[in-house]
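Undergrad: Compute the structure for the input listed below.
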Amino acid sequence: MPQPRISALDLADVLVYLVVLGTFTQLFPAVISETFLASLLTAIILKLVLEAVVWAKTKIVGRIRAAETVRVRVLAGGSFFIVAAGSKALILWLIDVLLGDSVYLGGFFAVTLLVVTLMAARAALRALLKQRS
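TA: Numbers count the residues shown, from 1 in each chain. Prediction:
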């Protein structure tokens, strides 16, 4: 079975996430990353979690669109909300477990702002790369 390959786009995402995280540590006192290596590992963790979240949200949106009953739409909508909110809690938990006190992302609202900024930066990067090709 072939192993998944890391693409140049994945590496570009991690670089963008690293820049955004570094910017947040400079602008928001509640966001702390003690070392560059801790920031890099955080960016990689964020990349992995956000890829899984985007995949899950895409599947849920597909289920909402394909739903034939209101009940299925409501359940899928609830699932979407759980994934959206749960992803922030998952990020906080993973960072705490894997990196301990060397990284602090400032809590749920700071992580939410961070994730929104990361996803906007990711979309901007992909739009720029798509425009160039």
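Undergrad: Okay, helices next: where are they in the chain?
TA: 8-27, 36-66, 70-99, 108-132 (DSSP state H).
Undergrad: In the protein, where is pLDDT below threshold?
TA: Where the chain drops to pLDDT under 70, the residues are 1-3.
Undergrad: Any chance of TSV for the helices of the chain, columns mean neighbour count?
TA: From N, CA and C alone the C-beta is placed, and that goes for glycine too. Formatted as TSV, those follow (neighbours: other Cβ atoms under 10 Å):
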stretch	mean neighbour count
helix 8-27	16
helix 36-66	16
helix 70-99	15
helix 108-132	14
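Undergrad: Spatially central, which residue of this protein would that be?
TA: Leu50 (3.0 Å; Cα atoms, centre = their mean).
Undergrad: Spit out the contact partners of it.
TA: By Cβ atoms under 8 Å, 6 or more residues apart in numbering, the residues touching Leu50 are Ser87, Val115, Leu118, Met119, Arg122.
Undergrad: one more time with 7 Å, if that's ok
TA: Val115, Leu118, Met119 (Cβ atoms under 7 Å, 6 or more residues apart in numbering).
Undergrad: Show the contacting residues for the closest residue to Leu46 other than its chain neighbours.
TA: Leaving aside its sequence neighbours, Leu46 sits nearest to Tyr17 (Cβ to Cβ, 6 or more residues apart in numbering; 5.2 Å). Tyr17 makes contact with Ala43, Leu46, Lys47, Leu118 under the criterion Cβ under 7 Å, 6+ apart.
Undergrad: Check the gap between the second one and Thr58 for me.
TA: What it means is Leu46. 18 Å (Cβ to Cβ, to the nearest Å).
Undergrad: for the last one, same thing?
TA: According to Cβ to Cβ, Leu118 and Thr58 sit 17 Å apart.
Undergrad: Tell me if I'm right that Leu92 and Ala110 touch.
TA: No: the pair Leu92 / Ala110 is not scored as a contact, 9.6 Å apart, by Cβ atoms under 7 Å.
Undergrad: Surely Thr117 touches Val20?
TA: Yes: using Cβ under 7 Å, Thr117 is in contact with Val20, at 5.5 Å.
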